[in-house]
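[1] Provide a 3D model corresponding to the input given below.
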Amino acid sequence: MTANFLLDRFVRKGLTLLKKVQYDKNKSDSIPIEIYKTRCLGYIERVNELRYCSPEDIKYAKQKLFNVYFYLQSVSGPERQNPHNNEISIEIVEHALNQAVTESHLKHSGGLGYSVTRGLTLSEEKGEPINHYFRKVKRSPVIQINEAIDVKYKQTMQGWRNEMAKQKREVLDAHKVSRLQPQRGNTVKPIPFVR
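    Next up, the predicted model:
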């Protein structure tokens, strides 16, 4: 096989057509052979359009695909004519496709992360128009702060240090007082002084 991934991929797709032909023969006794031939010729054209491949690899891939195409030409059996499954050339529907793309672009537009759809809902253009880029800010009511209300401010680092020093003094003072008071379980009665 070749060293190029795309060439290998097109050759594998061409060889898969052989499996599809065999499957259609066994399953439905009819083959959409024209569709398979068109696909195989499309693979050959795609191989011809590839660049940056060695000529030997391209020649090898084209040889494999032409062998598949010649096999498809020699397949005998009833051909399936499915009007609903026919492949349509892009040139036939190019105008309609361009028009659909233009209409879709007009319906969906926007920028800066916002998207707007037009003409897709029945309730469009009813009510006040919405500007997605600017929204009015509601005016907040005025609140009067009386001096009686206790307003708490965010504590600064120096205030926090002062508060911690105060709490530390309180804890140490409480500990000193408890050390000075005798504990009832461990007290020994003093011996009276005898003269």
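
[2] Now for the residue lying closest to residue 30 once chain neighbours are set aside: which residues touch it?
    Spatial nearest neighbour of residue 30, excluding adjacent residues (Cβ to Cβ, 6 or more residues apart in numbering): residue 80 at 3.9 Å. Glycine gets a C-beta too; all of them are placed from N, C-alpha and C. When contacts are counted by Cβ atoms under 8 Å, 6 or more residues apart in numbering, residue 80 is found next to 24, 28, 30, 31, 32.

[3] Just the residues contacting the helix or strand hosting residue 58, thanks.
    Using DSSP states H and E, residue 58 sits in helix 55-74. Helix 55-74 is touched from outside by 2-4, 7, 10-11, 14-15, 17-18, 21, 33, 36-37, 40-41, 43-44, 47-48, 50, with contacts defined as Cβ under 8 Å, 6+ apart.

[4] Can you read off the pLDDT for the residue nearest to residue 44 when sequence neighbours are not counted?
    Ranked by Cβ to Cβ, 6+ apart and with sequence neighbours excluded, the top spatial neighbour of residue 44 is residue 65, at 4.9 Å. Residue 65 is assigned a pLDDT of 95 by the prediction.

[5] re earlier: would TSV of the contacts of residue 80 with pLDDT and secondary structure be doable?
    Converted to TSV, these look like this (pLDDT from 0 to 100; DSSP: H, G, I helix; E, B strand; the rest coil):
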residue	pLDDT	secondary structure
24	88	helix
28	83	helix
30	83	coil
31	86	strand
32	85	coil
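
[6] Could I get the pLDDT score of the residue nearest to residue 30?
    With respect to pLDDT, residue 80 scores 75.

[7] what separates residue 9 from residue 136, distance-wise?
    Applying Cβ to Cβ, to the nearest Å, one obtains 56 Å for the distance of residue 9 from residue 136.
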